[in-house]
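Novice: Got a predicted structure plus its sequence, pasted below:
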There are 2 protein chains.
Amino acid sequence: MIDAEAISWRSIHLELLRRITEREWPPGSVVPNEADLAAEFGCARTTVHRAMRELAAAGLIDRKRKAGTRVALHPISRVVLDIPIIRLEVEQRNAEWSYGLLKQDMRVAPPSITARLGLERGTRMLHIASIHFADNHPFLHEDRWINVDALPAVAKVDFSAISANEWLIQNAPYTSGDIAFSASTADGPLAELLAAAEGAAIFVVDRITWNGAVPITVVRLSYAPGYRLKTRI
Amino acid sequence: MIDAEAISWRSIHLELLRRITEREWPPGSVVPNEADLAAEFGCARTTVHRAMRELAAAGLIDRKRKAGTRVALHPISRVVLDIPIIRLEVEQRNAEWSYGLLKQDMRVAPPSITARLGLERGTRMLHIASIHFADNHPFLHEDRWINVDALPAVAKVDFSAISANEWLIQNAPYTSGDIAFSASTADGPLAELLAAAEGAAIFVVDRITWNGAVPITVVRLSYAPGYRLKTRI
DNA sequence: TAGTGGTCTAGACCACCCT
DNA sequence: GGGTGGTCTAGACCACTAC
């Protein structure tokens, strides 16, 4: 049959969302199975499945084969953060991005770095420190260690011409990573670099990326005071 | 035809991912259309579509009707944060959760609060301040304003028995919200409440939620020093 | 206007897992 | 064992938009 009066999966999604948020289907209760809902809405089971997959991805329902579908007991907010290249993050604030390289040298990485990457103690890595500016004001400090063994090409790059952040995203694919957000205080050198008061609160992002089992880089981004990472639910 | 040797959308997803990360399809290049890929992989177009939808959701490709599909120029990391109820967050750290109510009173909300919610100046709201503990150590300070007009039932709740965080999640559906993460320093009263040193760096989450166009609540969570919000890419 | 992605259908088989 | 969600197919029409 052609879709003479086809029901959209979005309308079903909204209706199911309504039944959940209005407690028509309270937390923990069993939701009718896909076949029954398809009959109720007069559509194909695939269409119901499409709607329910969205709800499951949002964490609002729990689905198990044979056991059926239940409304989640503890609805969690699932927040999506888009983390762009730093240059774009600055430009999206309608500010002019610029960049200054502070350090670029091969050296034995400290144990705290090698341990987090699962590399041997004493491994030589590329250390890069730099500052990103927004309209000539310090925006963030980037402190990075790169596993040169995984990226031989990186040894020849001039990171005064392109930021490590941008070069890596364009040239070093990765398959997984860890991210941690925290708060820290600006010690002497960092405070000076960020033009911040000594002891100012600094928003910090720590990030490690791997390509398969191969560690690529570990980086700490220290944002100038006042930075807020925003998103919508 | 039955799926005698059906290709799974996951295998196609992985293959397309490989072509993108290994620059076989470089950033900005045009990807073959769904029909061609279906022919190449010997599967239905729907299956290719399923795989490409995942890539589009991850921000790796940009899709437009008629214009076709291109590899994204600036691959962004899309990070998913799961924000649970505070009690569960503590318990997931294998710590015992407890809770202390500091304030619960109706009062005229400050203009900074009403402005953010789009309410009239001088609106009376329910103000709640509390501390959440992990193993009897301060974990976070919750400072919250609730729009009582939207939730009449909230006026009768005893928030010394249940945290506002948990009551709202279980009783106040919302459809959208803003979240902001930032760093702040602990001033005198907050430092004392969190058992932190004066001037310690505090990880702060500001959150506003709406149900449709109706503002529900605005809350500031101030975490004790050392807190890290972690996730994986 | 023509080509592309987006969606829906009806049917089928499979994988999982509770009972 | 049997019911449930997960997936795939082949086909169709629609919506959007670059050309």
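Specialist: Perfect, thanks for sending it.
Novice: what's the burial count for A:Arg232?
Specialist: 10 (other C-beta atoms under 10 Å in any protein chain shown). From N, CA and C alone the C-beta is placed, and that goes for glycine too.
Novice: Contacts only, for it.
Specialist: Neighbouring residues of A:Arg232 by C-beta atoms under 8 Å, 6 or more residues apart in numbering or on different chains: B:Ser176, B:Gly177, B:Asp178, B:Ile179.
Novice: Could I get the contacting residues of the last one?
Specialist: By C-beta under 8 Å, 6+ apart, the contact list for B:Ile179 reads A:Ser77, A:Val79, A:Lys230, A:Thr231, A:Arg232, A:Ile233, B:Ile83, B:Val205, B:Asp206, B:Arg207.
Novice: Output the contacts of A:Arg232 as TSV; include the columns secondary structure and pLDDT.
Specialist: What follows is the contacts of A:Arg232, written out as TSV (DSSP: H, G, I helix; E, B strand; the rest coil; pLDDT from 0 to 100):
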residue	secondary structure	pLDDT
B:Ser176	strand	86
B:Gly177	strand	91
B:Asp178	strand	93
B:Ile179	strand	95
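Novice: Now a PyMOL select for only the buried ones of the residues you listed.
Specialist: Buried members of the contacts of A:Arg232 can be picked out in PyMOL with the line below, counting by 16 or more other C-beta atoms under 10 Å in any protein chain shown:
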select buried, chain B and resi 177+179
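Novice: B:Ala161: which of the contacts of A:Arg232 is nearest?
Specialist: Of all the contacts of A:Arg232, B:Gly177 has the smallest distance to B:Ala161: 25.3 Å, by C-beta to C-beta.
Novice: bridging residues for that closest one?
Specialist: Counting by DSSP bridges, B:Gly177 is bridged to B:Thr209.
Novice: Just to check, it is in contact with B:Trp210?
Specialist: Yes: counting by C-beta atoms under 8 Å, B:Gly177 touches B:Trp210, with 6.6 Å between them.
Novice: Tell me the residues on chain A that lie near DNA strand D, please.
Specialist: Listed as neighbours of DNA strand D in chain A under the rule C-beta under 7 Å from any atom of the strand: A:2-3, A:31, A:33-35, A:45-46, A:49, A:52-53, A:56, A:63-69.
Novice: so whatever residue of chain A ends up closest to DNA strand D, which of the three states?
Specialist: The nearest approach of chain A to DNA strand D comes at A:Lys66, 2.7 Å away (C-beta to the nearest atom of the strand). Following DSSP: H, G, I helix; E, B strand; the rest coil, we place A:Lys66 in the coil state.
Novice: if I look at it, how far off is B:Ile208?
Specialist: Separation of A:Lys66 from B:Ile208 (C-beta to C-beta, to the nearest Å): 41 Å.
Novice: Between the two, tell me which one has more neighbours.
Specialist: Taking neighbours as other C-beta under 10 Å, A:Lys66 and B:Ile208 compare with B:Ile208 leading, 22 against 4.
Novice: And the more buried one, how close does it get to chain A?
Specialist: According to C-beta to the nearest C-beta, to the nearest Å, B:Ile208 stands 10 Å off from chain A.
Novice: ok, now which ones touch that residue?
Specialist: Per C-beta under 8 Å, 6+ apart, neighbours of B:Ile208: B:Arg116, B:Leu117, B:Gly177, B:Asp178, B:Pro215, B:Thr217, B:Val218, B:Val219.
Novice: For the residue lying closest to A:Leu168 once chain neighbours are set aside, grab phi and psi.
Specialist: Leaving aside its chain neighbours, A:Leu168 sits nearest to A:Thr217 (6.1 Å; criterion: C-beta to C-beta, 6 or more residues apart in numbering or on different chains). Per-residue torsions, A:Thr217: phi -160, psi 150 (degrees, to the nearest 10).
Novice: Return the per-residue confidence for A:Thr217.
Specialist: pLDDT for A:Thr217: 96.
Novice: what lines up beside the helix or strand of chain A with the lowest mean pLDDT in the sheet?
Specialist: Of all the helices and strands that make up chain A, strand A:77-83 has the lowest average by mean pLDDT, DSSP states H and E, namely a mean of 86. Counting by DSSP bridges, the strands paired with strand A:77-83 are strand B:77-83 (antiparallel).
Novice: Could you export the partner strand as CSV, CA atoms only?
Specialist: Written as CSV, here are the backbone C-alpha positions of strand B:77-83 (Å, rounded to 0.1, in the frame of the first residue of the first chain):
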residue,chain,number,x,y,z
SER,B,77,33.8,16.0,18.6
ARG,B,78,30.4,15.4,19.8
VAL,B,79,30.5,14.5,23.4
VAL,B,80,27.5,13.0,25.2
LEU,B,81,27.2,13.7,28.9
ASP,B,82,24.8,11.7,31.1
ILE,B,83,23.7,13.8,34.0
